[in-house]
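>>> Please find the sequence and the predicted model below.
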Amino acid sequence: MVYQVEAATRPKAEADILLPQLQLMMRRLWTIITVPSGILATIFAVWLLVLMPVWLAQPWMWVKLVFVGLLLLYHAKTHQFYKQFLRNEQPHNATFFRIWNEGATLILFAVVFLAILKNSVHWIFGILGLIGLAALLMLGIRLYKRYRTSKL
């Protein structure tokens, strides 16, 4: 999505070549990788909870399930963006989509670390770690934007 927004700002001859190719790549990524992976992950997660129902009695699992719910909402909103791009609409700028991409990173980071560390780390340290990761990601986005504008 970032690259489609950037390609649309190119000269018309370039955009006419880039945009159809990027839409094809996005369509394949979404329909062949993203959606099937989300469905399979959800099926396996439910299956695992059926096999290990004792995990539902532990607080870390409920926090993890909240993050999984956020990831499902993130996926649904990304699907809306995907549909808009297929209609040749660009609802936001490239910086927005760079930041949007990192939302999944933060959520998945929280899910994985909750599964690995469970109750061994106090929740305050987990939140501080998540905030620290978000700050590093934002710094990376800003530095990359500065680098790209200096190259142009």
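Sure thing, it's come through.

>>> Please verify my assumption that L49 contacts Q58.
No: contact status for L49 versus Q58: not in contact, 11.5 Å apart, counting by CB atoms under 8 Å. Every C-beta, even on glycine, is put in place using the N, C-alpha and C of the backbone.

>>> Give me the pLDDT for the residue nearest the centre of the chain.
By CA atoms, centre = their mean, the mean C-alpha position of the chain lies nearest to A104, the distance being 2.7 Å. Per-residue pLDDT puts A104 at 90.

>>> How about the one 3 residues further on?
I107 is assigned 90 on the pLDDT scale.

>>> Let me see the contact set for the closest residue to it other than its chain neighbours.
The shortest distance from I107 to any non-neighbouring residue, by CB to CB, 6 or more residues apart in numbering, is to L71 (4.7 Å). Applying CB atoms under 8 Å, 6 or more residues apart in numbering to L71 gives the contacts A104, I107, L108, V111.

>>> these two touch, right, the last one and K64?
So the one you mean is V111. Yes: between V111 and K64 there is a contact under CB under 8 Å: 5.7 Å.

>>> for Q90, phi and psi?
phi -120, psi 100 (degrees, to the nearest 10).

>>> check which helix or strand covers the nearest residue to it once chain neighbours are set aside.
Distances taken as CB to CB, 6+ apart put V5 closest to Q90, at 5.3 Å, once the chain neighbours are dropped. Element membership for V5 (DSSP states H and E) is helix 2-8.
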